[in-house]
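[1] build me a structure from this.
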Amino acid sequence: MGLGDNLMATGFAKGAAARGKRIAFGHGKNIIWDQHSEEIFRNNPNIARPGSEGDKDLEWVPFYKGNRIYNRYDHVRDRWIWNYDFRPIPGELFFDPKELAFAKNFGKGFVLIEPNVPSYKGCAKNKTWSESRYINVVQLLKAKGYDVRQFSYINRPLPGVSAIQTPSFRHALAVLSQAALYIGPEGGLHHGAAAVGIPAVVIFGGFIPPQVTGYEDHINLTGKADIFCGSMRPCPHCEAAMKRIKSKHVYDAAKEILECNKQIEQKAS
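    Residues are numbered from 1 along each chain as shown. Below is the predicted model of the structure:
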């Protein structure tokens, strides 16, 4: 649970301040934030902070660590069971002037590609697409003249991309707001792309269903998975789904979005 969950939470809080309310994430008595909440909720007028439990303008939403609504944990099989009635709402961030100024240093219109899945997560292997295929996508995009970039991370950047180093995740999302497209796995950055209004090609595979944590204006690739196992252990089913997602599938989806963007820009001008 982490950055993506908090970004989803901001979607549930949208518009509260305009109604004279603030959303309290918790069980009706205590507001419950996790280690990432302050960073994502910063400057957000729609969300109540811990310590304001007695205020009169609160609306409680039971979305917090240990109760994320979209899943429940099966301890026996070490897997998540998904709530197919759940739908995320694109979130929002309230950047400060320094964050926005930082983002402008990187220009606009680039493709942001991010292959890395946090290795500490038990499901990491099940959400990881082949690095060689990411490299192929970069080569195909660059051959068509697209500027492809990646955030600096623990691992080395993909060959041929420009690395972007940011001081915080908020700064990274501010930079992402300048992009033409995000390409990468289901996770914090795909929720971030939705929150800053950037189209995305999201590599889901067979771990988690796009019906539950995907967004309608993104292209979500599952490798034709027919089940979404939620396994926290390395899973042959997830591996097979990822192998069915070819570099060409991702490139073609990216090209579709980028060409659509170009047509919209041409009509606007």
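
[2] what about the helices in the stretch 1-150 of the chain?
    Assigned by DSSP state H, counting those that start in this stretch, the stretch 1-150 of the chain shows helices spanning 3-13, 37-41, 97-104, 131-143.

[3] tell me what the shortest one is packed against?
    Under the contact criterion of 3 or more CB pairs under 8 Å, 6 or more residues apart in numbering; DSSP states H and E, helix 37-41 touches helix 3-13, helix 169-176. Every residue, glycine included, has its C-beta placed from N, CA and C.

[4] out of the helices of the stretch 1-150 of the chain, nearest to K267?
    helix 131-143 (23.3 Å; CB to CB).

[5] most packed of the helices of the stretch 1-150 of the chain?
    Compared across those, helix 3-13 shows the largest average neighbour count, a mean of 23 (mean count of other CB atoms under 10 Å).

[6] I'd like to know which elements that one is packed against.
    Contacts defined by 3+ CB pairs under 8 Å, 6+ apart place helix 3-13 against strand 22-25, helix 37-41, strand 58-61, helix 188-195.

[7] dump the C-alpha coordinates for the last one into PDB.
    To tie it back to what came earlier, the one meant is helix 188-195. Output of helix 188-195 as PDB, limited to C-alpha atoms (Å, rounded to 0.1, in the frame of the first residue of the first chain):
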ATOM      1  CA  GLY A 188       2.000   4.800  -8.400                       C
ATOM      2  CA  LEU A 189       3.000   6.500 -11.700                       C
ATOM      3  CA  HIS A 190       0.000   5.300 -13.600                       C
ATOM      4  CA  HIS A 191      -2.200   6.700 -10.900                       C
ATOM      5  CA  GLY A 192      -0.100   9.800 -11.000                       C
ATOM      6  CA  ALA A 193      -0.600  10.100 -14.800                       C
ATOM      7  CA  ALA A 194      -4.300   9.900 -14.300                       C
ATOM      8  CA  ALA A 195      -4.100  12.600 -11.600                       C
END
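
[8] could I get the pLDDT score of H27?
    Predicted confidence (pLDDT) for H27: 95.

[9] let me redo that: I154
    Per-residue pLDDT puts I154 at 66.

[10] and what of A240?
    At A240, pLDDT is 98.

[11] helix/strand/coil for it?
    Of the three states, A240 takes helix according to DSSP: H, G, I helix; E, B strand; the rest coil.

[12] please look at it and G206 and confirm they touch.
    Yes - in this structure, A240 is within contact of G206 by CB atoms under 8 Å, at 7.5 Å.

[13] these two - which one has more neighbours?
    Neighbour count, other CB atoms under 10 Å: between A240 and G206, G206 has more, with 27 against 14.

[14] could you list the low-pLDDT ranges of this structure?
    Where the chain drops to pLDDT under 70, the residues are 1, 154-155.

[15] what about the longest helix in it?
    Looking across the chain with DSSP state H, the single longest helix is helix 247-268.

[16] what does it contact?
    111, 133, 136-137, 140-141, 144, 146, 180-181, 183, 199, 201, 203, 219, 221 (CB atoms under 8 Å, 6 or more residues apart in numbering).

[17] redo that, cut-off 10 Å
    Outside helix 247-268, the residues that touch it by CB atoms under 10 Å, 6 or more residues apart in numbering are 109, 111, 113, 129-130, 132-141, 143-144, 146, 148, 180-184, 198-203, 217-221, 223, 245-246.

[18] also stretch 70-89?
    By CB under 10 Å, 6+ apart, stretch 70-89 touches 1, 4-5, 7-14, 63, 66, 68-69, 122-123, 191, 194-195, 207-209, 211-216, 228-233, 235.
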